[in-house]
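# With the input below, show me the fold.
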Amino acid sequence: MTEKIYYTSPYTKEWETKIKDSFIKEKQYYVILEKTAFYPTGGGQPNDRGTINGIDVLDVFTEDGVVVHKIERLPETSKASCTLNWKRRFDHMQHHSGQHLLSAVCYSLFDAKTVSFHLGQDYVTIDLEIPELSQMQLNNIEQTVNEEIYNNRNIHTFFVTKEEVKELPLLKMPKVTEDIRIVEIEGIEYNACGGTHVSRTGEIGIIKLFKTEKQKGIVRLYFKCGTRALQHINESQQILGKISAKFNTGRSQVLDRLEKWEEEKKKLETELVKMREENYSFLAKDLLLKKEDDFLSYVFEDKPFDELKDLAIKMAHEHNLFILFASALENKTIVVHNGTKTVSCGKFLKENLGTFDGKGGGNDKTAQAGFQTKEDTLNFFEFARKELMKYT
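Model (predicted):
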């Protein structure tokens, strides 16, 4: 049985041991050590990383109670010099201990039990059995949990028997009946847990709550601890500083400036829509002079496709026209009518685009296509103009 020194000495960063066994499975390399500080994935906590004889440890997991290390290649000797990625481990320790403390505070303040814990690279969450949490409640939780960090309470870990565990005030009894490991935050809680933890709450550093999401009957609470929380706050402060500089105002006035900017933006958008409608009206009058019976075709040299698309649909319905427009700027075309023509726009494109190296599609009344070059666009436009005029 491998000696699990991540339990007895969680602050161990380097150690010497021997390789008990090594094997290859599906072209992947694995070793089993006599003693290991590499924590295997479990209990919501990801596995440790590091090196064995300078060889990267890619994964650590348990299989039939045995701790297995997946590595890049097999070592050439049975002696093993191991180095733990301490930055990763300590981050996990801060967050796992932080989760215990946060869960205990949520329960003590609002009777909200933690039903699951996720510790990922991008975010950390607990799921709480409570319908919702108000901002005032979240502020209370954050203030209280950080006060307990400042109290720098001891965190103990120890093993108990199945008889002894019954005497402890656990919120949830463990499923295992042997080697039951207890994590105690002095004066706060007892919890059955197999993860790695810091020795005092002060080492958690800080717990910062970020947001909540309502799930079915639960609230998912996002948070970060210690170094990761500090990094997040620093990045947020840098962003706020840049926004403040952009608006040439103090940080406390940024929100007011953003609201004013949003109001101005809405006014400008309204004015833009009005001007665009007026422009469409003048442009439509000019284009109507170019129609042949009820068919209108035109190539726009410098107009974005989205604009001519809106114009085509509007004119087709307002003036009962069969329209073919092309944007030489973006190498795109649109064919549209108001449903009075027998030809299917989508079918027409599907049957003819391949000849011009184009891609697109649509329905009976509207279809659009894009091309690789301006030449392909114009060639298709001329072909389509001649063919579609037959339906007018």
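# what's the host helix or strand of Met315 packed up against?
Using DSSP states H and E, Met315 sits within helix 305-318. Applying 3 or more CB pairs under 8 Å, 6 or more residues apart in numbering; DSSP states H and E, one finds that helix 305-318 makes contact with helix 254-288, strand 322-327, strand 332-336, strand 366-371. Every residue, glycine included, has its C-beta placed from N, CA and C.
# averaging pLDDT over each of those, which comes out lowest?
Lowest mean pLDDT of the helices and strands packed on helix 305-318: helix 254-288, a mean of 84.
# ranges for the helices of the stretch 51-200 of the chain?
Using DSSP state H, counting those that start in this stretch, the helices of the stretch 51-200 of the chain run over 86-110, 135-150, 162-165.
# highest average neighbour count across those?
Per residue and on average, the most neighbours among the helices of the stretch 51-200 of the chain fall to helix 86-110, with a mean of 21 (mean count of other CB atoms under 10 Å).
# Could you tell me the angle between that helix and helix 135-150?
In terms of direction (axes from the mean of the first three to the mean of the last three CA atoms, to 10 degrees), helix 86-110 departs from helix 135-150 by 120 degrees.
# mind checking how far helix 86-110 is from the chain centre?
Centroid separation for helix 86-110 versus its chain: 22 Å, with CA atoms, centre = their mean, to the nearest Å.
# The closest residue to Leu324 other than its chain neighbours - how many residues pack around it?
Nearest residue to Leu324, sequence neighbours excluded (CB to CB, 6 or more residues apart in numbering): Ser297, at 4.2 Å. By other CB atoms under 10 Å, 22 other residues sit near Ser297.
# wait, isn't Ser297 in contact with Leu321?
No - here Ser297 lies out of contact with Leu321, judged by CB atoms under 8 Å, at a distance of 10.1 Å.
# Closest to the centroid, which residue in this protein?
When CA atoms, centre = their mean is applied to the chain, the residue found nearest the centroid is Asp122 (7.4 Å).
# returning to that earlier point: make CSV out of the helices and strands packed on helix 305-318 and add distance to Arg73.
Shown next, in CSV, are those (distance: least, CB to CB, whole Å):
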stretch, distance to Arg73
helix 254-288, 53
strand 322-327, 56
strand 332-336, 53
strand 366-371, 49
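# and of these, who's closest to His232?
helix 254-288 (18.5 Å; CB to CB).
# how far out from the middle of the chain is that closest one?
Here helix 254-288 is found 34 Å from its chain centre; the criterion is CA atoms, centre = their mean.
# Which neighbouring elements make contact with that helix?
Helix 254-288 is packed against helix 226-246, strand 295-300, helix 305-318, with contacts defined by 3+ CB pairs under 8 Å, 6+ apart.
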